[in-house]
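>>> quick one, fold the following:
(2 chains)
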Number of protein chains: 2
Amino acid sequence: MTEHLKQLRERLAQLEDLRNAAGVLGWDQNTMMPPRGAPARAESLATLERISHDMFVSGETEGLLDAAAADLDGVAPDSDEARLVHVTRRRFEKARRVPSDLAAEIARAASIGQEAWVQARADSDFGVFAPYLKHNLELARRYVDCFDDFDCAYDALLDDFEPGMKTREVERLFSELRGELVPLIGSVLEHRDAVDASSLHGSFGVDRQRLLVDEVVRLMGFDHSGWRLDDTVHPFATGLGSGDVRITTRWDETYLPSGLYSAMHECGHGLYEAGVADSLQRTPLGNVDSLSLHESQSRMWENMVGRGRPFCGVLAPRIGRLFDGAAGEPDAEALYRAVNRVEPSFIRVEADEATYGLHIVLRFELEQDLIEQRLSVDELPEAWNMRMKQYLGLDVGDDALGVLQDVHWSAMLIGYFPTYALGNLIAGQLWERVHLDVPDLDAAIGRGELAPLREWLREQVHRHGSKFSAPELLERVVGDPIAVAPFVRYLKAKLSDVYRIEL
Amino acid sequence: MTEHLKQLRERLAQLEDLRNAAGVLGWDQNTMMPPRGAPARAESLATLERISHDMFVSGETEGLLDAAAADLDGVAPDSDEARLVHVTRRRFEKARRVPSDLAAEIARAASIGQEAWVQARADSDFGVFAPYLKHNLELARRYVDCFDDFDCAYDALLDDFEPGMKTREVERLFSELRGELVPLIGSVLEHRDAVDASSLHGSFGVDRQRLLVDEVVRLMGFDHSGWRLDDTVHPFATGLGSGDVRITTRWDETYLPSGLYSAMHECGHGLYEAGVADSLQRTPLGNVDSLSLHESQSRMWENMVGRGRPFCGVLAPRIGRLFDGAAGEPDAEALYRAVNRVEPSFIRVEADEATYGLHIVLRFELEQDLIEQRLSVDELPEAWNMRMKQYLGLDVGDDALGVLQDVHWSAMLIGYFPTYALGNLIAGQLWERVHLDVPDLDAAIGRGELAPLREWLREQVHRHGSKFSAPELLERVVGDPIAVAPFVRYLKAKLSDVYRIEL
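Here you go, the predicted structure:
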């Protein structure tokens, strides 16, 4: 490594240290912090962001970037060094357009907004949250105004969560996806009585759910020497540097899948964080900036593994042992069918895989309307409820089950939602590929052996960190761009199986 | 407030934000972090310290300090503004002598050292810890070398924990204290069989201890909207900005006082943090830099309140209810006598009030020997054990009960220990004063009403933050410098009472 590259790495390493520090503060806010700590926490996060931002967009960073780039002659374009310069340059060019005051204000607003959202959601009172959302949208628009090279406002936001992705492209993919999902859902719902999910509802003590989840995430790769699992309002995962992965879940004493699949989802994220190569730690390549790739992992573990027939064979006896008497011991087949029941429902994170996409489309459309000021915050609950009626046929009676259900808008994560559905698509592509590469994968999963899948994902995806964009990585692994067909094939096969119908 | 003062305050506020961030990271490391997170955590703490230090000692801070000082004409010297400039100037003049690299390395070593210490203590293996302690002492000596205006090396360290305090003065006070304690202990031990503490040993389930401690700290002023209580290896308290106070304790299932009095001790610290005036928040005056004052609060709540006869009347029925059957229901008088039993013992934090001071003298002497290189790290366990024999007549068979018991040296808190004994002295002075100001204080405490004491302390001590040094504050409140006599009067009165002897 040249001296310039070393100096660049050292500077960027300090920025990663600050990012990890902010990560601890954010994790703590959402799991541990007493409520009255919120104002001081927002100031700490704002100051960390201001200092990081100043340090990143400084002339010194630019000089080191230029010098390091000049040293890359003859260095393989896929090497850590070349990608470090490339990825950092892209982030730098975006960040330098944003004033530090605005960056700090966004961090402060995200911290304050989450506290307001927790309160508003607990009371199901959108009015409490509305002023914070207005402020957040105003900041998002000021952020968008920093750029003149995006086709539309939403592009500038989306790009933060899925680098290089365009609103137009998301629309194209979502239009194709919706075109597949709507008739598929219609067909399945004609047979809604064929699948009984009543065993999932009942009385499931949280202490016993914890035992189940602890066992499941350990099978996935969680270990207490380098991970934590805690309770929170809106589950999330965060990597705080090498050797420290934190996942969270929430518990519903009356509905078993809630805590279990949230934990598997977040553990899927955690495996990505834990699987990044050591050589990329304390560099910007160590944190994954394609959230579609990130969500492909969480959604794969949650749904393709967790709701797959082989793993239901692992879950069923454990559930039987723990909740014997509460809901009867489910046989694996009944469990498999129950957890894949398609039914329009209010809460995105608990939606079945078929209707899930429509929850995302709804949010993607509303976010664009809000950012483009075609929709005001005050009109938002009504617009939400109308679309829920239109897409899923449901009447939302309670904002906690509607517009207040997700943390994202409170936390300045506007433009994030599409990555969930894109993640499903990528997961579909990777799921086909891994079955070609590891032919006995399902049998292994059925024995509770998840290492073969995890190791394949680590080798193909995790270890690269953010060296490659989602399209670049997909090109390497499956040879295709993001596509809808594999996910739809997967879903049709599963639902044909679950409902015993032709799809 | 003048424009210069505002600008100074804004800059210092950002430094407080970073201090709070580091506080969260430190708290998390000692309560939550998975072990493999340690290396990344040390880097984050080092980088935060480097950036804070650079920002603090910069020409910009100095310019603002000079300009703000020039604006103080006519401002009352005891005003927040004047004290802010005064206290900041003192800290600035010390910090500017320390290179940022050294400051960062000290923060890194403190973080790494604590992890090594936890391991060494768990295994009772001093050899595991020795290299870290050598490195820490080397850093402490490099730190001392930054200064040329202290009479001796130890002065430079002590001054960080008790601003302005001199080793010579501590020696004088400790010599007087020891001269009182040694014969006092001797007299009491002649009657050692007069007091039976066996009821404190037994089987005390941690869940029930938690209920007891939760009730006690709530009586003291703990509330869940702005505080947390967690488990740790070495109890500590930390204020993370207004509205967020974290205290910790540890539990011994076989010895009831351990968890209870640790929690009361740390809650005493927490009340200080929580009681600082709002106007001082997010300024350097908001964190207390006299640890003798800080320890005066923790030791007062732990011992003068918690081990006082009136509060034993509050504790006894609660202990009886919770542990009925385990150790029999103690009557208040028996509990009061048991928790004040004088008996030389290995662990400082569990020592009675009479022998406690000798634990501190021992550490104070060893720290000086280490810093002055009259004693090597390899010789330290032997030196520790010899002094324990000499001062307390005990044979230390196990380093976990000896030289490895305290976290301080691992955490770069070298020079901290004297403040515990100084805190006892100050507590003695304040305890006499509050009884003059609040004549029915004991009766209130006996009814479980701790607000009168807490409010007096808030008014006289807590609200000032670090506006005043310990001598300045004592002058205001009791009209005297730090003195030995009031603490000795308090202790003799209590032990006469407990042992029913003349002292």
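
>>> which residue, other than its chain neighbours, is closest to residue A:487?
Closest residue in space to residue A:487, ignoring its immediate chain neighbours: residue A:428 at 2.9 Å, by C-beta to C-beta, 6 or more residues apart in numbering or on different chains. The way it works is simple: take the backbone N, C-alpha and C, and place the C-beta from them, glycine included.

>>> got a list of what that neighbour touches?
By C-beta atoms under 8 Å, 6 or more residues apart in numbering or on different chains, the residues touching residue A:428 are A:485-491.

>>> one more pass at 10 Å, please.
A:296, A:299-300, A:304, A:478, A:482-491 (C-beta atoms under 10 Å, 6 or more residues apart in numbering or on different chains).

>>> next: residue A:438.
A:444, A:452-453, A:455-456.

>>> taking the residues you listed one by one, which sit in helices?
A:444, A:452-453, A:455-456 (DSSP state H).

>>> so which of the residues you listed reach chain B?
Counting by C-beta under 10 Å from any C-beta of the partner chain, nothing from the ones in helices among the contacts of residue A:438 sits close to chain B.

>>> what is the nearest of the residues you listed to chain B?
residue A:455 (19.4 Å; C-beta to the nearest C-beta).

>>> was I right about that closest one contacting residue A:441?
No - using C-beta atoms under 10 Å, residue A:455 is not in contact with residue A:441; the gap is 11.1 Å.

>>> circling back to that earlier point, got a winner among the contacts of residue A:438 for most neighbours?
Neighbour counts for these, by other C-beta atoms under 10 Å in any protein chain shown, peak at residue A:453, which reaches 24 neighbours.

>>> what's near enough to touch it?
A:220-221, A:271, A:300-301, A:304-305, A:431, A:434-435, A:438, A:441-442, A:444-445.

>>> repeat that for 7 Å
A:305, A:434, A:441, A:445 (C-beta atoms under 7 Å, 6 or more residues apart in numbering or on different chains).

>>> picking up where we left off before, from the ones in helices among the contacts of residue A:438, pick the one nearest residue A:403.
residue A:453 (36.2 Å; C-beta to C-beta).

>>> and the pLDDT for that closest one?
On the pLDDT scale, residue A:453 is placed at 98.

>>> tell me the SS of the residue of the stretch 251-400 of chain A at minimum distance from chain B?
Distance from chain B to each residue of the stretch 251-400 of chain A (C-beta to the nearest C-beta) is smallest for residue A:282, at 6.8 Å. Judged by DSSP: H, G, I helix; E, B strand; the rest coil, the three-state class of residue A:282 is coil.

>>> look at it and say how many residues are nearby.
Residues contacting residue A:282 under the criterion other C-beta under 10 Å number 23.

>>> any idea how far residue A:251 is from residue A:408?
Distance of residue A:251 to residue A:408, given as C-beta to C-beta, to the nearest Å: 21 Å.

>>> helix, strand, or coil at the one residue in the stretch 301-450 of chain A that gets nearest to chain B?
For the stretch 301-450 of chain A, the residue closest to chain B is residue A:411, as judged by C-beta to the nearest C-beta, at 17.9 Å. Three-state assignment for residue A:411 (three-state DSSP): coil.

>>> from the contacts of residue A:428, pick the one nearest chain B.
Checking these one by one against chain B (C-beta to the nearest C-beta), the nearest turns out to be residue A:300, at 24.3 Å.

>>> once you drop chain neighbours, what's closest to the closest one?
Closest to residue A:300 by C-beta to C-beta, 6+ apart is residue A:427, at 4.1 Å.

>>> residues contacting the residue most central in space within chain A?
By C-alpha atoms, centre = their mean, chain A has its centre lying nearest to residue A:295, at 4.3 Å. By C-beta under 7 Å, 6+ apart, the residues touching residue A:295 are A:419-420, A:423.

>>> before we move on, which element is the closest residue to chain B within the stretch 51-200 of chain A in?
Scanning the stretch 51-200 of chain A for the residue nearest chain B gives residue A:51, at 6.1 Å (criterion: C-beta to the nearest C-beta). If you go by DSSP states H and E, residue A:51 is part of helix A:38-56.

>>> which element follows that helix toward the C-terminus?
Helix A:38-56 is succeeded, C-terminally, by helix A:59-70 (DSSP H and E).

>>> select the longest helix from chain A.
helix A:3-31.

>>> and that one, which residues are buried?
A:4-5, A:8-9, A:11-31 (16 or more other C-beta atoms under 10 Å in any protein chain shown).

>>> can you check stretch A:345-358 too?
Counting neighbours by 16+ other C-beta under 10 Å, stretch A:345-358 gives A:345-346, A:348-358 as buried.

>>> residue numbers of chain A in contact with chain B?
Within chain A, the positions adjacent to chain B are A:14, A:17-18, A:20-21, A:24-25, A:28, A:32-37, A:39-40, A:43-44, A:47-48, A:51, A:224-228, A:240-244, A:282 by C-beta under 7 Å from any C-beta of the partner chain.

>>> list only buried entries from the contacts of residue A:428.
Buried members of the contacts of residue A:428, counted by 16+ other C-beta under 10 Å: A:296, A:299-300, A:304, A:478, A:482-484, A:486-488, A:490-491.

>>> now do the contacts for the residue of the stretch 351-500 of chain A found nearest chain B.
Residue of the stretch 351-500 of chain A nearest chain B, by C-beta to the nearest C-beta: residue A:465 (14.7 Å). Listed by C-beta under 7 Å, 6+ apart, the contact set of residue A:465 reads A:276-277, A:280, A:285-288.
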